[in-house]
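In: No letters, just coordinates:
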C-alpha cells in the first residue's frame with residue numbers, strides 16, 4: 001500500500017528490483033485499507049476514504065512518473081516533487097503496474 005512508503009522511495013526500490021531481476025518486476029500498488037495494521041506500524045491512513053484515494057492518485061503519479069519520465073513534477077496535497085528524476089531506471093520503462101482494490105474501477 002502506498003501509505004507504507006514515500007512514493008519516490010518506492011519508485012527507487014521498484015527500479016532497483018527491476019534491474020536486479022532482469023526486468024521481471026510487476027509493481028503492485030494499493031491505497032491501503034487495514035487501519036489497525038497501519039496504526040500498529042505507526043502509520044496514519046487518512047480516515048476519509050476520498051482523502052486516501054486522493055493520496056493514492058498523487059503517489060501513483062509520482063511513482064509512475066519517476067519510473068517513466070526524465071523528470072517529474074507533482075504539486076499535490078499529500079505528496080509533492082519538483083523536477084525529480086530517477087536514475088538508473090528499470091529495464092522495463094515503466095514496469096507493468098497492478099492496482100489492487102475493491103469498489104468502482106478508477107483506472
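Out: Okay, I see it. Computed from a predicted model, the values in this text were never measured in an experiment.

In: From now on I want contacts and neighbour counts done on CA atoms only, so please keep to that.
Out: Noted.

In: all strands of the chain, in order?
Out: For the chain, the strands defined by DSSP state E cover 27-29, 72-75, 80-84, 97-99.

In: Format the ones you listed as CSV; extra columns: mean pLDDT, distance to residue 39 and mean neighbour count.
Out: Output for the strands of the chain, formatted as CSV (pLDDT from 0 to 100; distance: least, C-alpha to C-alpha, whole Å; neighbours: other C-alpha atoms under 10 Å):
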stretch, mean pLDDT, distance to residue 39, mean neighbour count
strand 27-29, 95, 19, 15
strand 72-75, 98, 27, 16
strand 80-84, 98, 24, 14
strand 97-99, 93, 23, 13
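
In: Reformat these as JSON lines; add distance to residue 6.
Out: Shown next, in JSON lines, are the strands of the chain (distance: least, C-alpha to C-alpha, whole Å):
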{"stretch": "strand 27-29", "distance to residue 6": "12"}
{"stretch": "strand 72-75", "distance to residue 6": "14"}
{"stretch": "strand 80-84", "distance to residue 6": "10"}
{"stretch": "strand 97-99", "distance to residue 6": "17"}
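
In: How far off centre is stretch 87-107?
Out: Relative to the chain's own centre, stretch 87-107 is displaced by 8 Å; criterion: C-alpha atoms, centre = their mean, to the nearest Å.

In: again with stretch 37-51
Out: 16 Å.

In: What residues of that stretch count as buried?
Out: For stretch 37-51, a neighbour-count test (16 or more other C-alpha atoms under 10 Å) marks 38, 45, 46 as buried.

In: Sort out for me which of these are in helices.
Out: residue 38 (DSSP state H).

In: which outside residues touch the lowest-mean-pLDDT helix or strand in the chain?
Out: Within the chain, no helix or strand scores below helix 35-40, which has a mean of 88 by mean pLDDT, DSSP states H and E. For helix 35-40, contacts defined as C-alpha atoms under 8 Å, 6 or more residues apart in numbering pick out 4, 44, 45.
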